[in-house]
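Engineer: Here is my input, please return the structure:
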Amino acid sequence: MARRALTTTAATLTATAALLLTACGGGGDSSDDIKGADKGSKSPSASASSGSGSTDVDRPDVSVPKDLDLVFDFEKPSDQDSAAALEDAANYIRALNHGITKQDPADPAFQFYSSGQAAQYANSQIKEYADGGWTLTGKDRYYQAETNPVDESEKVKTVNVTFCEDQSKVYGKEVKSEKIHRTKESLASYQKFTILMASVQGKPVWRAQQVTVEGKAEECRG
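Structural biologist: Numbering: from 1, shown residues only. Predicted coordinates for the structure are as follows:
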């Protein structure tokens, strides 16, 4: 595995408020469909790491090793909900990378920032790396973020978040030998994420519900 192999996952970006409320309610526990994911996920420890977001809720540690640099070149939206949704979309990515570097498919961080299909996606990606004995190193850059409010009801708000990823400078590293497998920049280095974020009214945390990853994204190159 020369670099992160994020598989494109088909996802419908429409969902009823009732379904999202079920996914987001109860403190955001998304462990029902993930074997072993409930271990240690009930009380995530507070974190002062970059991108920890609002201070009025305990958030899990999403830090990564020093040899992995996650760069988010995002402009903060003027709309408060869109800004919060974008920040927690970045936290979802941080949590996914945290799980990969920890080699833990049951890591509580991604469970805190996602549920449903998005949680299953993160779990499968982390498991793929852990099973193969791979981790990540280098510079992973995210940019060209856009937000689009989708729906708002009395109970749930949803915002669609899209952004690009440049993986040309992030590489796969064998956990045991620490051997780095460097690859050359190509169209395959660029991906586009679309993430449906949802928040229960009155709650500060936005959680990823559905994610689609488009590989070889020409619009993200250049």
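Engineer: could you measure residue 119 against residue 131, distance?
Structural biologist: According to Cβ to Cβ, to the nearest Å, residue 119 stands 18 Å off from residue 131. C-betas here are computed from N, CA, C, even on glycine.
Engineer: Who has more neighbours out of those two?
Structural biologist: Legend: neighbour count by other Cβ atoms under 10 Å for residue 119 and residue 131, higher for residue 119 (28 against 10).
Engineer: Could you give the number of residues near residue 159?
Structural biologist: By other Cβ under 10 Å, 26 other residues sit near residue 159.
Engineer: Offset the numbering so it begins at 23, please.
Structural biologist: Understood, numbering begins at 23; the last thing we discussed is residue 181.
Engineer: That one: what's it in contact with?
Structural biologist: 103, 104, 107, 108, 169, 170, 171, 172, 218, 219, 220, 228 (Cβ atoms under 8 Å, 6 or more residues apart in numbering).
Engineer: can you rerun that using 10 Å?
Structural biologist: Under the criterion of Cβ atoms under 10 Å, 6 or more residues apart in numbering, the neighbours of residue 181 are 99, 101, 103-108, 110-111, 169-174, 217-221, 228.
Engineer: What residue, apart from its backbone neighbours, is nearest it spatially?
Structural biologist: residue 107 (3.8 Å; Cβ to Cβ, 6 or more residues apart in numbering).
Engineer: Dihedrals phi and psi, that neighbour?
Structural biologist: Main-chain dihedrals, residue 107, degrees, to the nearest 10: phi -70, psi -40.
Engineer: correct me, but it touches residue 231?
Structural biologist: No - using Cβ atoms under 10 Å, residue 107 makes no contact with residue 231, being 11.0 Å away.
Engineer: Settle it for me: which of those two has more neighbours?
Structural biologist: residue 107 (29 against 25).
Engineer: what residues are up against that one?
Structural biologist: By Cβ under 10 Å, 6+ apart, the neighbours of residue 107 are 99, 101, 169-172, 179-183, 217-221, 228-230.
Engineer: Just the buried ones from the residues you listed?
Structural biologist: Neighbour counting over those (16 or more other Cβ atoms under 10 Å) leaves 99, 169, 172, 179-183, 217-221, 228-230 as the buried ones.
Engineer: what's the farthest-apart pair in the residues you listed?
Structural biologist: 99 and 229 (18.0 Å; Cβ to Cβ).
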